[in-house]
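1. sequence and predicted model, in that order:
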Amino acid sequence: MAGGDRLPTPIEDRFFEDYPVGSVLEYGTILVDQDEVLAFAQRFDPQTMHIDPIAAADGPFKGLIASGWHTVSMMMRLYVDNYLSDVASLASPGVDELRWSKPVRPGDRLRIRVSILEAVPSRTKPDRGLLRSFVEALNQDGDVVASFRAMNLLMRRRRGGE
């Protein structure tokens, strides 16, 4: 299913078994809004490059950029809305290898590309499994701007008699 844009099972009926390893999916877009960049940074990451467009113009990025944490929040919005099951998601034990590879600027349009790396049924809890995915955010030019490796615990589909 490489290059596809959705899984065959709708999100409201998607269980652990419905994530085929090797699939590469794209979802999006989300607009990076300057007011949201400023508000997020003012509250959570008040560095000059994120909160002051005038000073940021003279900084290392030559303009205002979104906080990396804001970028990850936008990625998460696309991930939850399009990829992560509405009915089977239990929790996440974390993410690995979080990277911010290019600045994200107001006016950018982001989408995510999700590669399903591994789906391992639990040995101790047969009603669930661990899904590992590689999630990348791409801007309107196709440049990867951020990435992480996600882990999600998902319920398995109940079969007759189980």
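-> Looks like it came in fine. Please read all numbers here as calculations on a predicted model, not as lab measurements. Numbering: from 1, shown residues only.

2. all strands for this protein, in order.
-> Remark: strands assigned in the chain by DSSP state E are 24-31, 89-100, 109-121, 128-138, 144-155.

3. helices or strands up against the longest one?
-> Using 3 or more C-beta pairs under 8 Å, 6 or more residues apart in numbering; DSSP states H and E as the contact criterion, the secondary-structure elements in contact with strand 109-121 are strand 24-31, helix 68-82, strand 128-138. In this view, the C-beta of every residue, glycine as well, is placed from N, C-alpha and C.

4. buried stuff in the first one?
-> This means strand 24-31. L25, E26, Y27, G28, T29, I30 (16 or more other C-beta atoms under 10 Å).

5. circling back to that earlier point, which one of the helices and strands packed on strand 109-121 lies closest to M155?
-> Closest of the helices and strands packed on strand 109-121 to M155 is strand 128-138, at 5.5 Å (criterion: C-beta to C-beta).

6. distance to H70 for the strands of the chain - can I get that in a markdown table?
-> Output for these, formatted as a markdown table (distance: least, C-beta to C-beta, whole Å):
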| stretch | distance to H70 |
| --- | --- |
| strand 24-31 | 11 |
| strand 89-100 | 11 |
| strand 109-121 | 11 |
| strand 128-138 | 11 |
| strand 144-155 | 10 |
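
7. nearest to T48, out of those?
-> Nearest of these (C-beta to C-beta): strand 89-100, 16.9 Å.

8. JSON lines please, covering the strands of the chain and showing mean pLDDT and distance to V72.
-> Below are the strands of the chain laid out as JSON lines (pLDDT from 0 to 100; distance: least, C-beta to C-beta, whole Å):
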{"stretch": "strand 24-31", "mean pLDDT": "95", "distance to V72": "12"}
{"stretch": "strand 89-100", "mean pLDDT": "97", "distance to V72": "7"}
{"stretch": "strand 109-121", "mean pLDDT": "98", "distance to V72": "11"}
{"stretch": "strand 128-138", "mean pLDDT": "98", "distance to V72": "8"}
{"stretch": "strand 144-155", "mean pLDDT": "98", "distance to V72": "6"}
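
9. and of the ones you listed, who's closest to G59?
-> The nearest among the strands of the chain, by C-beta to C-beta, is strand 89-100 at 15.7 Å.

10. just the helices and strands packed on strand 109-121: most buried one?
-> When those are scored by mean count of other C-beta atoms under 10 Å, the highest mean neighbour count falls to strand 128-138 (a mean of 21).

11. and that one, what does it pack against?
-> Short answer (3+ C-beta pairs under 8 Å, 6+ apart): strand 128-138 packs on helix 68-82, strand 109-121, strand 144-155.
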